[in-house]
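Output the structure for:
(one chain, ligands or ions: 2)
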Amino acid sequence: MRTESDCVFCGISAGDLPSTTVARSERAIAFMDINPVTPGHTLVAPLSHATDLFDVTAEDLVACVHLAQQIAERARDRLGADGVNLLNCSGVAANQTVFHFHVHVIPRFEDQPSKDRIGLPWESVPGDLDEIERIGALLS
Ligand code: 5GP
Ligand code: ZN
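Ligands and ions are numbered 1, 2, ... in the order given. Okay, the predicted model is just below:
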């Protein structure tokens, strides 16, 4: 098990720092975000330290996604969420602020502005087809 002494989420996983933990599995932990963007905003992190998506092992990634699915189901069934966004920020350029890999589970509430005023951080605009093909080729 990897741990980093100055990592807040390692401290939470080990029980050395306080958190509102809602679920645990062999490899992952789910706890409430202290700055919820909607009611029920939860973070799912591996127990073993990994910095980001590039660093996390496949096993821990699968465990986090599996636990995130369970939290999403609870948000739907117990909080009445109409939908859920899963979000991971990897790297400063992607707005990561805590450098222990985690997935945000963000319950979404339709037509309830008192609970949900967030949108998506992009506008859907048709792209240039040649550019899409060119970049797709780089990723193939
Ligand atoms: P990131 O920007 O790295 O994707 O998200 C970090 C998240 O961790 C933020 O949503 C922030 O509110 C949350 N957070 C930061 N410190 C703590 C903490 O000590 N406890 C909990 N529960 N959440 C935290
Ligand atoms: Zn850590």
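
So what's the residue count around residue 115?
Neighbourhood size, residue 115 [other Cβ atoms under 10 Å]: 16. For glycine as for every other residue, the C-beta is placed from the backbone atoms N, C-alpha and C.

go on, residue 14?
Residues lying near residue 14 (other Cβ under 10 Å) number 13.

distance of it from ligand 2?
Distance from residue 14 to ligand 2, counting by Cβ to the ion, to the nearest Å: 9 Å.

Residue 110 now?
The gap separating residue 110 from ligand 2 is 35 Å, by Cβ to the ion.

list the contacts for the closest residue to that residue other than its chain neighbours?
Distances taken as Cβ to Cβ, 6 or more residues apart in numbering place residue 82 nearest to residue 110, at 4.3 Å, with adjacent residues excluded. With contact taken as Cβ atoms under 8 Å, 6 or more residues apart in numbering, residue 82 is in contact with 76, 108-110.

All the helices of the protein, residue numbers only.
Shown for the chain, the helices assigned by DSSP state H span residues 8-14, 58-79, 129-139.

For the second one, the averaged confidence score.
I take that to be helix 58-79. Across helix 58-79, pLDDT averages out at 98.

can you check the last one too?
In this model, helix 129-139 carries a mean pLDDT of 98.

could you dump that helix to PDB, C-alpha only?
This file holds the C-alpha atoms of helix 129-139, laid out as PDB (Å, rounded to 0.1, in the frame of the first residue of the first chain):
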ATOM      1  CA  LEU A 129     -14.100  17.600 -39.700                       C
ATOM      2  CA  ASP A 130     -10.500  17.600 -41.100                       C
ATOM      3  CA  GLU A 131      -9.100  18.600 -37.700                       C
ATOM      4  CA  ILE A 132     -11.200  15.900 -36.000                       C
ATOM      5  CA  GLU A 133      -9.800  13.300 -38.500                       C
ATOM      6  CA  ARG A 134      -6.200  14.500 -38.000                       C
ATOM      7  CA  ILE A 135      -6.300  14.400 -34.200                       C
ATOM      8  CA  GLY A 136      -8.200  11.100 -34.300                       C
ATOM      9  CA  ALA A 137      -5.400   9.700 -36.300                       C
ATOM     10  CA  LEU A 138      -2.900  10.800 -33.700                       C
ATOM     11  CA  LEU A 139      -4.900   8.900 -31.100                       C
END
